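> predicted model and sequence follow; I will ask about them next.
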Amino acid sequence: MRAAVRPRYETAADLTNEATFEQLMLDNFGAVAHKLPVSYHVDYLVIADTGPVWVEFKRRRHTRGTYPDIILSALKWWHATSLADRTGASFAFVVQWDDCIGFCPWSAAKPWVPELDWGGRTKATRDTADIEPIVRLPVDRFMEL
């Protein structure tokens, strides 16, 4: 028996946030953000003068520092860092807060391991897959764009 395919929960607001990110990359860095198929498990491959970067992008509706860390699916982290490791590119988790945009870099040359925990979308859970293994990325690891 085949497992049911999980629905996509992408909203019009998500698409607007992504368009803003794409324009930011182009306007400020001359970089082109290529939206990836869902099978890649990360949002973008950004092509910049400094080289390619795998990027996961999230919008958070609070100011930076409201929470000590940002969570990300452990599986998404694994896919992103594996892509970076195997291709020689880097990975950046980019977060747009209400007051700034920051990025948390990872590369095979300077790897680091975030704290592993259990959690996810706990306040407005949509289905059982919303609660899963996560990694906690300290906000102080994020550099402002």
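Great, that's in hand.
> now the strands: where do they sit in this protein?
32-35, 44-48, 51-59, 69-73, 90-96, 101-106, 115-120, 131-138, 143-144 (DSSP state E).
> give me the contacts around the shortest one.
Residues lying outside strand 143-144 but in contact with it, judged by C-beta atoms under 8 Å, 6 or more residues apart in numbering, are 100-105. For every residue, glycine as well, the C-beta is placed using N, CA and C.
> check the fourth one too.
If you take C-beta under 8 Å, 6+ apart as the criterion, strand 69-73 is touched by 56, 58, 60, 93, 95, 104, 115, 117, 119-120, 132-139, 142.
> could you rerun that using 7 Å?
The contact list for strand 69-73 (C-beta atoms under 7 Å, 6 or more residues apart in numbering) reads 56, 93, 95, 119, 132, 134-139.
> and what of the first one?
Residues external to strand 32-35 that are found in contact with it (C-beta under 7 Å, 6+ apart): 18, 21-22, 25-26, 43-47, 55.
> show me what counts as buried in that strand.
For strand 32-35, the buried set under the neighbour-count rule, 16 or more other C-beta atoms under 10 Å, comprises residue 33.
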